[in-house]
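K.L.:
Next input, structure requested:
(one chain, ligands or ions: 2)
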Amino acid sequence: MRRSVVTISRSPTETRQFGAMLGRAARAGDVILISGQLGSGKTTLAQALARALGVRRPVRSPSYLVASAYPVSRRSIRTFYHLDLFRLRRLSAVDAAVISETISDRQAVVLAEWADRLPGRLVPTWRRTSVRLTVQSERRRAIRVSGRLIRSVLARPGRRSSVSSVGRARLRRRAA
Ligand SMILES: Nc1ncnc2c1ncn2[C@@H]1O[C@H](COP(=O)(O)OP(=O)(O)OP(=O)(O)O)[C@@H](O)[C@H]1O
Ligand SMILES: [Mg+2]
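P.N.:
Numbers count the residues shown, from 1 in each chain. Ligands and ions are numbered 1, 2, ... in the order given. Here you go, the predicted structure:
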């Protein structure tokens, strides 16, 4: 079975559409870990994902805090937490406590930018979706997804198939 799937985005709009699709698929308890170099599109994707979850306020990266909370009322999701770990060179006890608190909130969707700075032990594997953005040219980005929401990426209408039918059948069986 495929563990990750790559989608090519050719514009900020395509990245937003991709983020919105993940937002529509997300459920309470999901933790979405986004990584990628400066300017790769992490915030562009995060904002579209938040909007699709029903977040009304524009999502901006918190400058002093590790996490911002936005109210949501959709599909038993009460809160969207946006974490930006860019400034996190060393995880202080306070940062770790704040992050753990967001992750322990099972009525929330948590999204972390610069998630490679997050100690893996903080997020249970089965709740994780990892999204890695790679800059391929000025407007082209590769978006690699693995983890819980991979199924929604594979099920995307019009997606060019790069997964074997055997892989798909296994995914369906696991989903059943
Ligand atoms: N296919 C694309 N997808 C997303 N952004 C794109 C794409 N093509 C060009 N861009 C541009 O790349 C930039 C991405 O900015 P964004 O703030 O989303 O990145 P980021 O990864 O959050 O950066 P940072 O690490 O600095 O916070 C924007 O200026 C956007 O217009
Ligand atoms: Mg950003």
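
K.L.:
got a list of what Ala108 touches?
P.N.:
Taking CB atoms under 8 Å, 6 or more residues apart in numbering as the criterion, Ala108 is in contact with Ala28, Gly29, Ile77, Arg78, Thr79, Phe80, Tyr81, Thr102. All C-beta spots, glycine's among them, are computed from the backbone N, C-alpha and C.

K.L.:
how does it look with 6 Å?
P.N.:
For Ala108, the contact set (CB atoms under 6 Å, 6 or more residues apart in numbering) comprises Thr79, Tyr81.

K.L.:
From Ile143, how far off is it?
P.N.:
Separation of Ala108 from Ile143 (CB to CB, to the nearest Å) stands at 23 Å.

K.L.:
ok, now Gly29?
P.N.:
Taken as CB to CB, the span from Gly29 to Ile143 is 22 Å.

K.L.:
Please identify which of those two sits among more neighbours.
P.N.:
When neighbours are counted by other CB atoms under 10 Å, Gly29 and Ile143 differ, and Ile143 comes out ahead with 24 against 18.

K.L.:
what helix or strand does the closest residue to ligand 2 within the chain sit in?
P.N.:
Per CB to the ion, Thr43 is where the chain lies closest to ligand 2, at 3.3 Å. In this assignment (DSSP states H and E), Thr43 forms part of helix 42-53.

K.L.:
So which elements touch that helix?
P.N.:
helix 12-25 (3 or more CB pairs under 6 Å, 6 or more residues apart in numbering; DSSP states H and E).

K.L.:
in its sheet, what does the helix or strand following the helix it packs on sit against?
P.N.:
For helix 12-25, the following helix or strand on the C-terminal side (DSSP H and E) is strand 31-36. Paired strands of strand 31-36, with direction, are strand 108-113 (parallel), strand 128-135 (parallel) (DSSP bridges).

K.L.:
what's the most buried one of those strands?
P.N.:
Using mean count of other CB atoms under 10 Å, the stretch among those with the greatest mean number of neighbours is strand 108-113 (a mean of 26).

K.L.:
tell me the mean pLDDT for it?
P.N.:
Strand 108-113 carries an average pLDDT of 96.
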